[in-house]
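**Student:** Task: produce atomic coordinates for the following.
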Amino acid sequence: MGAMLFTLLFAGYVLAVVLSYQRKGPLDRWYLMPRIPGVGRVFLHRMREPDDRPEVHNHPWPCFSIVLWGGYREMRWSREDGYTRIRRYRAGSIVRLPLHTFHRIFQVEPNTWTLFFHGRNTGRSWGFATARGFVRHDLMPAVKKGVRRGKAS
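**Tutor:** Take a look at the predicted model:
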């Protein structure tokens, strides 16, 4: 979608200026600040559904989010120790995702919103942990339509 500019207000205080909006896979993303080299960005996410791939993925920067409304369940896998764990996050949760951690959101409650912060780009590519090893996101085959997704009940 094209660039948008409007202000989020709460109780008369300016919370953020929305610079643009993007529908990105299973979520809607609002950009709340311009990209600042060496610092990172802030997004408002509305999660509509779980991740659209079955594999866990990583990010090219450290990040954290605050669950504002709703909640979700996530699977994490650490390449460092091979440990997998599942967690549920609800409104008020602060979710930290270290740089080397792979994850997958597999269940999303209706009306889930998060405030997402990411640090500076490390220059690493992001991608997926597969049976063949790490595969960059741009080299993964397209997702087949009709893949079953988990909705929270």
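
**Student:** shaky segments in the chain?
**Tutor:** 1-21, 79, 143-153 (pLDDT under 70).

**Student:** one more time with 80
**Tutor:** 1-25, 33-38, 78-83, 142-153 (pLDDT under 80).

**Student:** all strands in it, in order from the N-terminus.
**Tutor:** Using DSSP state E, the strands found in the chain span residues 3-10, 13-24, 27-31, 41-47, 56-57, 63-69, 71-78, 84-90, 94-97, 101-108, 112-118, 127-130, 133-136.

**Student:** got the ones you listed as TSV, with distance to residue 142 columns?
**Tutor:** Heads up, the C-betas are built off the backbone N, CA and C, glycines and all. TSV is the format used below for the strands of the chain (distance: least, C-beta to C-beta, whole Å):
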stretch	distance to residue 142
strand 3-10	27
strand 13-24	15
strand 27-31	18
strand 41-47	21
strand 56-57	15
strand 63-69	25
strand 71-78	22
strand 84-90	26
strand 94-97	25
strand 101-108	18
strand 112-118	25
strand 127-130	13
strand 133-136	13
